[in-house]
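**Q** quick one, structure for this:
(2 chains)
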Amino acid sequence: MLKLDQVNKIFNESTPDEKVALDQINLHLQPGDFVTVIGSNGAGKSTMMNMISGALTPDFGSIYIDNKDVTRLAEFKRSKMIGRVFQDPMSGTAPTMTIEENLAMAYSRNRRRSLHRGVDKKRKDLFRTSLETLHLNLENRMTANVGLLSGGERQALSLLMATFTQPSILLLDEHTAALDPSRAELITDLTKRLVEKDQLTTLMVTHNMQQALDLGNRLIMMDKGQIILEVEEEQKQHLTIAKLMDEFQRIRGEQLTSDAALLSV
Amino acid sequence: MFSAVFGSVEQGIIYAIMALGVYLTFRVLDFPDLTVDGSFVTGAAVAATMIVFDYHPLVATLTAILVGFFAGCITGLLHTKGKINPLLSGILMMIALYSINLRIMGLTSENSVGRPNIPLLNSETIFSKFQGFWSNLGIDETINGFLAGLGLEHLPTTWGTVVLMILVVVIIKFIADWFLQTEVGLAIRATGDNKKMIRSFSANTDTLVILGLGISNALVAFAGSLIAQYGKFADNGMGIGMIIIGLASVIIGEAIFGTKTIFRTTLAVVIGAVIYRIVLGLSLRVKILDSGDMKLITAVIVIAALIIPQILEKRREKARKAKRQAKRMAMKSSQGGHSVVEAGSSQ
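**A** A predicted model of the protein is given here:
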């Protein structure tokens, strides 16, 4: 479904600021896989996401989606197959446009945009039924501008929009990090529900270890541009935060520090 | 007085087409496009040149629209593919068009390559063609007869121009409203709102920016070609400050009518263009002001339209706050001076 083959990325090459962001990354997702990605800041998680979505191109290596080499495919073309939710709730929606217009744009993702009316009667009904599944009463505010929604509501809408056309890959980049704990929980539940409904192949970056353990069937840990730990389905069910921390210490010979540890509870 | 306002309305409605173009780039695409100063003249130059060569005015106008579209597309290409800052790509195109416009008008003179202006005094224009059809209907006499009955003097010679232009502008307005609701239109609006988002929904933002700029400058060139035919001359200096006039129309309209829906905003822009012309026309009737002061007056109008709404909003906010504070004080005193803050309700 998704395959990263020897992907490399170096920023600011041959300057004092040189940074190896991704170092020989290999990753293979089967259809229906839900992989959570953890690791401290600067581990290369976001770079990997941007590489898959096409916002960045690798220096070396290839990326395959649905067995198609997409390494050089432009971001906007690739996004036909990829649904994305960003960390910043402002990023995933157009604030001065209405809820139904935002959904209409999501609806057009894998179609050719034409001079057809974006929101017609038939689509409106479809949008309403989808919004009802969020249980946020958004179905009664469809003509309200998205800018008026709270961060949690926006993120729920982003998630719905990202999954609307059942993309081949769903990329979630710390999409609950900017929300308060109760909202984050709501979005986490929603993520679970939407991914399960369509059996979406998902890659989720998170700083919250508990979330990484609760969601998904596989887990990978990244550090300094490498994947240092891969946990498969059966092992993952028995994994705890303490075990994860021990594992990190065993591999790296140092304490897992920084925000990853702080945010683990 | 009446005839002065009438003239302003006539012109204002033509300029409204340009204002809609400016609205499309400045507001919808969030792209301050200075190409306008050049493409307005391009429209005028193309139409005037073709009319001199005895093309049908309608063909001349349509060609002007097309050329304006291309000019806008080039600005878009400079910005998206050449990665040049939006303001700078517009300025570059504007300055390039200055020379191109001289060349276009130069086609009409045999002994020089460039030409700064073309008079159209005895040529057929869209308006004179329409007049031929209109005057047979006898509507002018009816309206003027009615108005004369009300005691008005200095009545306009014809209502044809204003009726034709209102028709054209209303059609363009409704096409714009419809277009901005289509799938492509939604994507263009989102490009101005949140590029990252719409790109993640497989829209090619580069193409959309180019398309948007093309349509906008097509409208601007259309207005230019009509102003040339209305004023019966094309001049290389007629585009100076056009972007500011467009902005003035957009800002005045939005300040008065608001931006709640697309339908309302485009209507606001059209009426804003007319109001701007009326204000300008009236201020030029003040004895000490000269037509050379027009640009200064324009600047003052725009500054006023930008600042006055802010002051009003601040006042309103203050009044609202004071009212709420008074209410809170009243409630406090009725509770016996205790205000209870609940702690621990949020984490």
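
**Q** mind checking the backbone torsions on A:Ala178?
**A** Recorded main-chain torsions at A:Ala178 are phi -90, psi 10, according to degrees, to the nearest 10.

**Q** now the end-to-end length of stretch A:76-94.
**A** According to C-alpha to C-alpha, to the nearest Å, stretch A:76-94 extends 17 Å from its N-terminal end residue to its C-terminal end residue.

**Q** do stretch B:115-130 as well
**A** Counting by C-alpha to C-alpha: the opening and closing residues of stretch B:115-130 are 29 Å apart.

**Q** and stretch B:174-183, by the same measure?
**A** Here the two ends of stretch B:174-183 are set 16 Å apart, with distance taken as C-alpha to C-alpha.

**Q** ok, and for that stretch, which residues are buried?
**A** Neighbour-count burial for stretch B:174-183, with 16 or more other C-beta atoms under 10 Å in any protein chain shown as criterion, is recorded at B:Ala176, B:Asp177, B:Leu180, B:Gln181, B:Thr182, B:Glu183. (Glycine included, C-beta is placed from N, CA and C.)

**Q** is that stretch in proximity to chain A?
**A** Yes. Contact check for stretch B:174-183 against chain A, using C-beta under 8 Å from any C-beta of the partner chain: residues in range are B:Phe179, B:Gln181, B:Thr182, B:Glu183.

**Q** show me which of the buried residues of stretch B:174-183 is closest to B:Gly224.
**A** Nearest to B:Gly224 out of these is B:Ala176 (C-beta to C-beta; 18.0 Å).

**Q** so the closest one is in which element?
**A** Secondary structure from DSSP states H and E places B:Ala176 in helix B:160-179.

**Q** neighbouring contacts of the helix or strand that that helix is followed by?
**A** Elements were assigned by DSSP H and E; along the chain past helix B:160-179, the next helix or strand is helix B:183-193. Outside of helix B:183-193, the residues within contact range by C-beta atoms under 8 Å, 6 or more residues apart in numbering or on different chains are A:94-97, A:101, A:104-105, A:108, A:111, A:113-118, B:27-31, B:178-180, B:197-198, B:201, B:203, B:205, B:208-209, B:211-212.

**Q** give the next helix or strand downstream of helix B:183-193.
**A** Read in the C-terminal direction, the helix or strand following helix B:183-193 is helix B:195-199, with elements assigned using DSSP H and E.

**Q** now do the buried residues in stretch A:1-8.
**A** Taking 16+ other C-beta under 10 Å as the neighbour-count basis, stretch A:1-8 is seen to contain the buried residues A:Met1, A:Leu2, A:Lys3, A:Leu4, A:Asp5, A:Val7, A:Asn8.

**Q** how far does stretch A:36-49 sit from the chain's center?
**A** On the basis of C-alpha atoms, centre = their mean, to the nearest Å, the separation between the geometric centre of stretch A:36-49 and that of its chain is 11 Å.

**Q** swap that for stretch B:162-181, please
**A** Using C-alpha atoms, centre = their mean, the mean C-alpha position of stretch B:162-181 is found 13 Å from that of the whole chain.

**Q** residues in contact with it: which ones?
**A** Contacts with stretch B:162-181, where a contact means C-beta under 8 Å, 6+ apart, come from A:115, A:117-119, B:6, B:9-10, B:13-14, B:16-17, B:20, B:24, B:28, B:126-127, B:130, B:134, B:139, B:156, B:185-186, B:188-189, B:219, B:226, B:262-263, B:266-267, B:270.

**Q** count the neighbours of the residue nearest to B:Ala203 when sequence neighbours are not counted for me.
**A** Leaving aside its chain neighbours, B:Ala203 sits nearest to B:Ala187 (4.4 Å; criterion: C-beta to C-beta, 6 or more residues apart in numbering or on different chains). In terms of burial, B:Ala187 registers 25 neighbours under the definition other C-beta atoms under 10 Å in any protein chain shown.

**Q** how about the strands of the stretch 1-150 of chain B, start to end?
**A** B:117-119 (DSSP state E, counting those that start in this stretch).

**Q** residue ranges with poor pLDDT in it?
**A** Scanning the stretch 1-150 of chain B for pLDDT under 70 picks out nothing.

**Q** 80 instead?
**A** Within the stretch 1-150 of chain B, the stretches with pLDDT under 80 are B:1-3, B:111-112.

**Q** helices along that one, start to end?
**A** In the stretch 1-150 of chain B, the segments counted as helices under DSSP state H, counting those that start in this stretch are B:2-23, B:36-52, B:57-80, B:86-106, B:126-134, B:139-149.

**Q** the third one close to chain A?
**A** No. Contact check for helix B:57-80 against chain A, using C-beta under 8 Å from any C-beta: none in range, with a minimum separation of 12.1 Å.

**Q** figure out how far that helix is from the centre of its chain.
**A** On the basis of C-alpha atoms, centre = their mean, helix B:57-80 is displaced by 16 Å from the centre of the chain it belongs to.

**Q** quick check: buried residues in that helix?
**A** Of the residues in helix B:57-80, those buried under the neighbour-count criterion (16+ other C-beta under 10 Å) are B:57, B:60-69, B:71-80.

**Q** which strands and helices lie in contact with it?
**A** Here helix B:57-80 touches helix B:36-52, helix B:86-106, helix B:126-134, helix B:205-231, going by 3 or more C-beta pairs under 8 Å, 6 or more residues apart in numbering or on different chains; DSSP states H and E.

**Q** next: the fourth one.
**A** Helix B:86-106 sits against helix B:36-52, helix B:57-80, with contacts defined as 3+ C-beta pairs under 8 Å, 6+ apart.

**Q** next, the angle from the helix holding B:Ala176 to helix B:126-134.
**A** Following axes from the mean of the first three to the mean of the last three C-alpha atoms, to 10 degrees, one obtains 110 degrees for the angle between helix B:160-179 and helix B:126-134.

**Q** got the contact list for A:Met142?
**A** By C-beta under 8 Å, 6+ apart, A:Met142 lies in contact with A:Thr98, A:Ile99, A:Glu100, A:Lys124, A:Phe127, A:Arg128, A:Leu131.

**Q** farthest-separated two in these?
**A** Of all pairs in the contacts of A:Met142, the most separated under C-beta to C-beta is A:Thr98 and A:Arg128 at 13.0 Å.

**Q** more crowded one of the two?
**A** When neighbours are counted by other C-beta under 10 Å, A:Thr98 and A:Arg128 differ, and A:Thr98 comes out ahead with 19 against 15.

**Q** what's that one sitting at in phi/psi?
**A** Geometry field for A:Thr98 lists phi and psi as phi -80, psi 170, criterion degrees, to the nearest 10.

**Q** so what pairs up with it in the strands?
**A** Following DSSP bridges, A:Thr98 is listed with bridge partners A:Asn145.

**Q** what's the separation between it and B:Glu183?
**A** If you measure A:Thr98 against B:Glu183 using C-beta to C-beta, to the nearest Å, the figure is 15 Å.

**Q** what ranges does the stretch 1-150 of chain A have for its helices?
**A** A:45-53, A:75-78, A:99-107, A:121-132.

**Q** looking at these, which is buried most?
**A** Scoring the helices of the stretch 1-150 of chain A by mean neighbour count under mean count of other C-beta atoms under 10 Å in any protein chain shown gives helix A:99-107 as the most buried, with a mean of 25.

**Q** coming back round to it: from the contacts of helix B:183-193, list just the buried residues.
**A** Neighbour-count burial (16+ other C-beta under 10 Å) is assigned, among these, to A:94, A:96-97, A:101, A:104-105, A:108, A:113, A:118, B:27-31, B:180, B:197-198, B:201, B:203, B:205, B:208-209, B:211-212.

**Q** and the end-to-end length of stretch A:140-157?
**A** 14 Å.

**Q** report the distance from that stretch to the chain centre.
**A** 20 Å.

**Q** mind listing what's buried in it?
**A** Taking 16+ other C-beta under 10 Å as the basis for neighbour counts, the residues of stretch A:140-157 that come out buried are A:Arg141, A:Met142, A:Asn145, A:Val146, A:Leu149, A:Gly152, A:Glu153, A:Arg154, A:Gln155, A:Ala156, A:Leu157.

**Q** tell me the contacts of A:Ala94?
**A** For A:Ala94, the contact set (C-beta under 8 Å, 6+ apart) comprises A:Glu101, A:Asn102, A:Met105, A:Val146, B:Arg189, B:Ala190, B:Asp193, B:Asn194, B:Met197, B:Ile198.
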